[in-house]
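Peer 1: Give me a 3D structure for the following:
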Amino acid sequence: MFFGWGVLVAIKLNNTVFTEAAMEASDAPRPVASAGYNVVRWIGGALAPFIVTKIDENIAPSLPYYLAAACCAIGMGILIVRRRHLETLGAVDVDHRVRDAEPLPA
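Peer 2: Numbers count the residues shown, from 1 in each chain. Here you go, the predicted structure:
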């Protein structure tokens, strides 16, 4: 079901904002931070439909929604408790050039 271009644009903008935030908040070099972030995203995206279907079939049809709400609340709690790690986002370079950490010695 297509909800409209506004929803699609909002989803894409959110994706960009969260991806950039993950890249900038990490102390790791940008490629490493990107790889870690994408592994979590893709594993979650691959497992979620299977797990939700099993919960729906075996426990209760409404439980996946309650679990999603609980995950959102836990995520917000983690962001509030660990917000000091996001302070670096205020110092992002205006020119948006990539500034990786020093290369490791060979």
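Peer 1: Of all the residues in stretch 61-76, which ones are buried?
Peer 2: Residues of stretch 61-76 classed as buried: residue 64 (neighbour count, 16 or more other Cβ atoms under 10 Å). In this view, the C-beta of every residue, glycine as well, is placed from N, C-alpha and C.
Peer 1: roughly how far apart are residue 5 and residue 17?
Peer 2: Noted for residue 5: a distance of 18 Å to residue 17, by Cβ to Cβ, to the nearest Å.
Peer 1: and what of residue 61?
Peer 2: Between residue 61 and residue 17 the computed distance is 33 Å (Cβ to Cβ).
Peer 1: So the spatially most central residue of the chain: helix, strand or coil?
Peer 2: Nearest to the geometric centre of the chain sits residue 18, at 5.8 Å (Cα atoms, centre = their mean). At residue 18 the chain is in helix, as set by DSSP: H, G, I helix; E, B strand; the rest coil.
Peer 1: Distance of it relative to residue 37?
Peer 2: 9 Å.
Peer 1: hey, what's in contact with both of those two?
Peer 2: Counting by Cβ atoms under 8 Å, 6 or more residues apart in numbering, no residue touches both residue 18 and residue 37.
Peer 1: quick one: low-confidence parts of the protein?
Peer 2: Judged by pLDDT under 70, the chain has its weakly predicted residues at 1-2, 88-104, 106.
Peer 1: where along this structure do the helices fall?
Peer 2: 5-25, 30-58, 63-81 (DSSP state H).
Peer 1: which one of the ones you listed lies closest to residue 87?
Peer 2: Proximity to residue 87, assessed across the helices of the chain by Cβ to Cβ, is greatest for helix 5-25 (8.8 Å).
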